[in-house]
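how would this look folded up:
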Amino acid sequence: MARAKSVTDMGDMDLLEALGTARQDLFNLRFQFATGQLDDSSSLSKARRNVARLMTELRVRDIEATEDAIAEAVAAGAAADNADDAADGFDAANADDNDDAADDFDAASIEADDDDDADRDDVDDDDKNDDN
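Numbers count the residues shown, from 1 in each chain. A predicted model of the protein is given here:
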């Protein structure tokens, strides 16, 4: 049976092979238990834990690989953005001024939308009063 220390030392293919073997062993133990041929019922829980241990290690490796890929993509994207900004003559000092103008525009459009909604509500109220 694989232990935690040896599981972390295994290669990916060895780990997958060990998981397949552990699942087959667990299946056989369940079959023996169902037919009444199993003498040591604690071997079922040991086999389940072994399968869980192997699956956990596979999942840890999958998460680490995904995090590494994301970090590389972010680093590559940041380097590309910096290169694009330098090529375009991007000026960080003036970037804030542009953001402020965009914020002012957004606030004005939101206020205009609120006024339109209020006008529509007034029209709806007038229609209801006409029906009475």
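
packing partners for whichever helix in the chain runs longest?
The helix of greatest length in the chain, counted in residues with DSSP state H as the criterion, is given as helix 42-88. Where contact means 3 or more Cβ pairs under 8 Å, 6 or more residues apart in numbering; DSSP states H and E, helix 42-88 is packed against helix 4-9, helix 12-35. Yep, even glycine has a C-beta here, placed from its N, CA and C like the rest.

Go through those and find the least confident stretch.
When the helices and strands packed on helix 42-88 are compared on average pLDDT, helix 4-9 comes out lowest at a mean of 78.

rewinding a little: what is the rounded mean pLDDT of the longest helix of the chain?
If you average the pLDDT over helix 42-88, you get 88.

what is the orientation angle of it with helix 12-35?
Interaxial angle, helix 42-88 versus helix 12-35 (axes from the mean of the first three to the mean of the last three Cα atoms, to 10 degrees): 150 degrees.

how close does N50 get to R30?
As defined by Cβ to Cβ, to the nearest Å, N50 lies at a distance of 14 Å from R30.

Of the helices and strands packed on helix 42-88, which is nearest I70?
Each of those was scored for nearness to I70 using Cβ to Cβ, and the closest is helix 12-35 (19.5 Å).

Next, the buried residues of that closest one.
Counting neighbours by 16 or more other Cβ atoms under 10 Å, one finds that the buried residues in helix 12-35 are 15, 18-19, 22, 25-26, 29, 32.
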